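A.B. asks: with the sequence up front, the predicted model follows.
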Amino acid sequence: MPRTVFASFRTEAEAERALSLVASEATLLDSAVLGDDVAGKLTLDSLQLSREERSACEAQLKRGGFLMIAQAATDEAAQTVLQVLHSSGSDNAPLVIAEAGRAPAVAATQEVAREARVSIVDEEIRIGKREVVRGGAAVHSRVTQAPVQERVELLEEELSVGQRPVNRRLSDDEVSRSGLLQDRVIQFAAMREEAVVSKEPFVREEVVVTKNVTQRTEEIRDTVRRTEVETERLASGEEAQGAR
């Protein structure tokens, strides 16, 4: 059955540190660190707390400080939370432990003090890969102009006007049919050729950039940290006096 542990701390940093230790040792359904302000009240509203649990939290917040709330899924997980809090070295012991749906009661700190846990931590090295730019090539393309010169043959017409003797008689039929005795205008056009320039682009050659991929092996050297624990049996007060 879910159980909820409340712990009060003087500063927010202490509460956050305690929650981090608890979360690393026990599986929590929900958790929060809050103070007696608007943000803390909104966070309290978002938690799945019973009426008794919420009342205990509000009463504790009114005393000042910061409240850490850890909701554990089982009794065993709740005891783990208590053990972590008591063995963390903080002067702020857990104040209240409550089972969901029941009134909160004072935590049984005597049972917790019988056991302390020291985590032995080993670092594991993980080597990944990332791509970095080690070089490259830039191809710049620019447009230049070069003069060209070509010869082309062009035709040109010229008109010349002159007279020559004919001395031929015309019949009345030719005069009426040709209209030679009427006013008229006869036009002639003189033509010439002009050069017309057009340009057409074409691909002369290409610049090709290729990339070859090779594989290399690199040996990584680093250090990892680990926790080493030494135990020492301490003599009781009577044994210490007898040794003197």
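C.D. replies: Now that the structure is in, tell me what you want to look at. Values in this document were obtained by computation on a predicted structure and should not be read as measured data.

A.B. asks: so how far is E219 from the spatially most central residue of the chain?
C.D. replies: Nearest to the geometric centre of the chain sits R130, at 15.0 Å (C-alpha atoms, centre = their mean). Taking C-beta to C-beta, to the nearest Å as the measure, R130 falls 18 Å from E219. (Each C-beta comes from the backbone N, C-alpha and C, glycine too.)

A.B. asks: quick one: the strands in the protein, in order.
C.D. replies: 3-9, 28-35, 66-72, 96-99, 105-106 (DSSP state E).

A.B. asks: thinking again about what came up before, which ones are touching the residue nearest to the centre of the chain?
C.D. replies: Not one residue lies near R130 by C-beta atoms under 8 Å, 6 or more residues apart in numbering.

A.B. asks: same question, A32
C.D. replies: Residues near A32 by C-beta under 8 Å, 6+ apart: T43, L44, S46, L47, M68, I69.

A.B. asks: report the contact partners of the third one.
C.D. replies: Under the criterion of C-beta under 8 Å, 6+ apart, the contact partners of S46 comprise A32.

A.B. asks: model confidence for it, exactly?
C.D. replies: On the pLDDT scale, S46 is placed at 82.

A.B. asks: and V112, by the same measure?
C.D. replies: On the pLDDT scale, V112 is placed at 36.

A.B. asks: then P201?
C.D. replies: For P201, the model assigns a pLDDT of 90.

A.B. asks: T144 versus that one, what's the distance?
C.D. replies: P201 sits 14 Å away from T144, taking C-beta to C-beta as the criterion.

A.B. asks: for G64, same thing?
C.D. replies: 81 Å.

A.B. asks: those two: who's more crowded?
C.D. replies: Each of G64 and T144 has its neighbours counted (other C-beta atoms under 10 Å); G64 has more, 10 against 4.

A.B. asks: hmm, D36 and that one touching each other?
C.D. replies: Yes. Between G64 and D36 there is a contact at 7.1 Å, judged by C-beta atoms under 8 Å.

A.B. asks: next one: stretch 200-219 to chain centre, how far?
C.D. replies: Here the centre of stretch 200-219 is set off from its chain's centre by 31 Å, with C-alpha atoms, centre = their mean, to the nearest Å.

A.B. asks: contacting residues around it?
C.D. replies: Residues from elsewhere that reach stretch 200-219 (C-beta under 8 Å, 6+ apart): A137, V139.

A.B. asks: just the terminal-to-terminal distance for that stretch.
C.D. replies: Start and end residues of stretch 200-219 are separated by 58 Å (C-alpha to C-alpha, to the nearest Å).

A.B. asks: shaky segments in the chain?
C.D. replies: Scanning the chain for pLDDT under 70 picks out 1, 88-116, 236-244.

A.B. asks: all helices for it, in order.
C.D. replies: Taking DSSP state H as the criterion, the chain carries its helices at 12-25, 38-46, 51-62, 75-87, 109-112, 172-178, 237-243.

A.B. asks: okay, the ones you listed, which one's buried deepest?
C.D. replies: Mean neighbours per residue, mean count of other C-beta atoms under 10 Å, is largest over these for helix 75-87, with a mean of 21.

A.B. asks: that one versus strand 28-35: what angle between them?
C.D. replies: If you take axes from the mean of the first three to the mean of the last three C-alpha atoms, to 10 degrees, helix 75-87 sits at 40 degrees to strand 28-35.

A.B. asks: tilt between helix 75-87 and strand 3-9?
C.D. replies: Orientation check (the same axes, to 10 degrees): helix 75-87 against strand 3-9 gives 10 degrees.

A.B. asks: CA-only coordinates of helix 75-87 in PDB, if you can.
C.D. replies: Only the C-alpha atoms of helix 75-87 are listed here, as PDB (Å, rounded to 0.1, in the frame of the first residue of the first chain):
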ATOM      1  CA  ASP A  75       6.100  -0.300   3.400                       C
ATOM      2  CA  GLU A  76       9.600  -1.600   2.500                       C
ATOM      3  CA  ALA A  77      10.200   1.400   0.200                       C
ATOM      4  CA  ALA A  78       9.000   3.800   2.900                       C
ATOM      5  CA  GLN A  79      11.400   2.200   5.400                       C
ATOM      6  CA  THR A  80      14.200   2.600   2.800                       C
ATOM      7  CA  VAL A  81      13.400   6.300   2.600                       C
ATOM      8  CA  LEU A  82      13.600   6.700   6.400                       C
ATOM      9  CA  GLN A  83      16.900   4.800   6.500                       C
ATOM     10  CA  VAL A  84      18.400   7.000   3.700                       C
ATOM     11  CA  LEU A  85      17.300  10.200   5.500                       C
ATOM     12  CA  HIS A  86      18.800   9.100   8.900                       C
ATOM     13  CA  SER A  87      22.100   7.900   7.400                       C
END
